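**Student:** I'd like to go over a predicted model; first the sequence, then the structure.
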Amino acid sequence: MVLEANPDHWNKERGPRLEKVVFRNDVGPAEALGLVCDAEGEVDIVTEVSPADAGRVRDSDHANLVTIDAMRVVSGLINRNSAPLDDVRVRKALNLAVDRDRLVREVFFGYAHPVAAMAPPYSWESPDDLEPYPHDPEEGKRLLAEAGWPPDRALRLATTGDVEAVARYLAESFGESLGIGVDLVTIPDENLVAAQRALVEKKLPVPFDVLVHAWFDLAAGYPPAVIHREYFHSGGAFRAGPVLPEFEDLMGRSVVETDPEKLGDLGKELDRLVYDEALNVFLCCPQALVAVNKHVDFTGHAATLELAETEVDEGHWSRRGGG
């Protein structure tokens, strides 16, 4: 797709700063990364760089790594429809089993933020005094025993391919910290649509206790409207448990609230509620990583890819020699 600048646009302060932008979908992620890191003239910006590839970009002679605190969250979606996961003590035990700092360090190579609940810690709906569940295996084991976790009951952990590394880390954490068996299943890509449909339609029992899941907020204006709603509201696509009246009430008040400060307070109440009820296994907010040609001035945004502010300097390959 080719976008050409409109030089007659009324808002001259916003540009255009580029004559043309070409979006390419004819190269794979690995090839695109090579074209921005090892050469010039083909690709200037590559989004969705994996944390494992970040070092390659940092070491490149041609590209810089741009990190963005994005409105993204990775968590373990808990199936609360039946015992023993319908017990808040079990759900808290799962949260206490996870060392989030180690998860960020070893799985995301440092390019993520531990999160207390579902609101990214840099969003205004994140309660200031809410800290992530501590890594406390002994308290986790105590809660599991108190809740009566069956000794021969293995936890059914499911994942999609994009977050499989997170799921493997969780399986190890649950096993080592809580002393329980874990059956890990990776949903094949060819079965992903059917699995998503089963989760959204809610007509059949879902075959997991915890599903490792990544989600995002497109609007960045009020994360509970997209993140919390989809996971826990009665109309949420990913809800896997009974409706919580208190959550419904807070979300209903959010819909009609027009005062920004009061809306922010409602968002904090929603985040605290899902934390207290341990509705998910709260994990982290991955950063968005972008590889950018060193002669391109790119500004990252938390929720979307925008190029209105992007421009190139005189050293850019397209401008050398008076181009």
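**Tutor:** Sure thing, it's come through.
**Student:** Which parts of this structure are helices?
**Tutor:** Ranges of helices in the chain, per DSSP state H, are 29-37, 54-58, 88-96, 100-106, 137-147, 164-178, 192-201, 227-232, 245-256, 260-276.
**Student:** Is it possible to get CSV of the ones you listed that adds mean neighbour count?
**Tutor:** Where C-beta positions appear, they are placed from N, C-alpha and C, glycine not excepted. Converted to CSV, the helices of the chain look like this (neighbours: other Cβ atoms under 10 Å):
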stretch, mean neighbour count
helix 29-37, 18
helix 54-58, 16
helix 88-96, 23
helix 100-106, 16
helix 137-147, 17
helix 164-178, 19
helix 192-201, 13
helix 227-232, 24
helix 245-256, 15
helix 260-276, 19
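**Student:** Comparing the ones you listed, which yields the minimum mean pLDDT?
**Tutor:** The minimum mean pLDDT among these belongs to helix 192-201 (a mean of 84).
**Student:** Centre of the chain to it, how far?
**Tutor:** Centre-to-centre, helix 192-201 and its host chain are 19 Å apart (Cα atoms, centre = their mean, to the nearest Å).
**Student:** number of nearby residues for the closest residue to G15 other than its chain neighbours?
**Tutor:** For G15, ignoring the flanking residues on the chain, the nearest one in space by Cβ to Cβ, 6 or more residues apart in numbering is A308 at 6.2 Å. A308: 13 surrounding residues under other Cβ atoms under 10 Å.
**Student:** Verify the stated contact: A308 with L18.
**Tutor:** No: using Cβ atoms under 8 Å as the test, A308 is too far from L18 to be in contact (9.3 Å).
**Student:** Surely G181 is in contact with A154?
**Tutor:** Yes: between G181 and A154 there is a contact under Cβ under 8 Å: 3.6 Å.
**Student:** still on that earlier bit, of all the helices of the chain, which one is nearest A303?
**Tutor:** Minimum separation from A303 across the helices of the chain (Cβ to Cβ) falls at helix 227-232, 11.3 Å.
**Student:** what does the closest one rub up against?
**Tutor:** 71, 73, 75, 77, 118-119, 215-217, 235-239, 241, 244, 247, 251, 270-271, 274, 279-280 (Cβ atoms under 8 Å, 6 or more residues apart in numbering).
**Student:** Please flag which of those residues sit within strands.
**Tutor:** Judged by DSSP state E, those include 73, 75, 77, 215-216, 280 as members of strands.
**Student:** min pLDDT across these, which one?
**Tutor:** Among those, pLDDT bottoms out at F216, giving 84.
**Student:** how many other residues sit next to that residue?
**Tutor:** Residues lying near F216 (other Cβ under 10 Å) number 18.
**Student:** How about E13?
**Tutor:** 4.
**Student:** Check V185 too.
**Tutor:** Around V185 there are 13 other residues, counting by other Cβ under 10 Å.
**Student:** Isn't it up against R156?
**Tutor:** Yes: using Cβ under 8 Å, V185 is in contact with R156, at 7.3 Å.
**Student:** Out of the helices of the chain, which is closest to G315?
**Tutor:** helix 29-37 (15.4 Å).
**Student:** Touching that closest one from outside, list them.
**Tutor:** 24, 27, 42-46, 48-49, 53, 56-57, 60, 62-63, 291-293.
**Student:** If any of the residues you listed are buried, put those into a PyMOL selection.
**Tutor:** In PyMOL, this line selects whichever of the contacts of helix 29-37 come out buried by 16 or more other Cβ atoms under 10 Å:
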select buried, resi 43+44+45+46+49+53+56+57+60+62+63+291+292+293
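**Student:** Tell me how many other residues surround D59.
**Tutor:** D59, neighbours per other Cβ under 10 Å, totals 10.
**Student:** Going forward, count from 7.
**Tutor:** From this message on, residue numbering opens at 7, which makes the last subject D65.
**Student:** residues in contact with it?
**Tutor:** By Cβ under 8 Å, 6+ apart, the contact set of D65 is empty.
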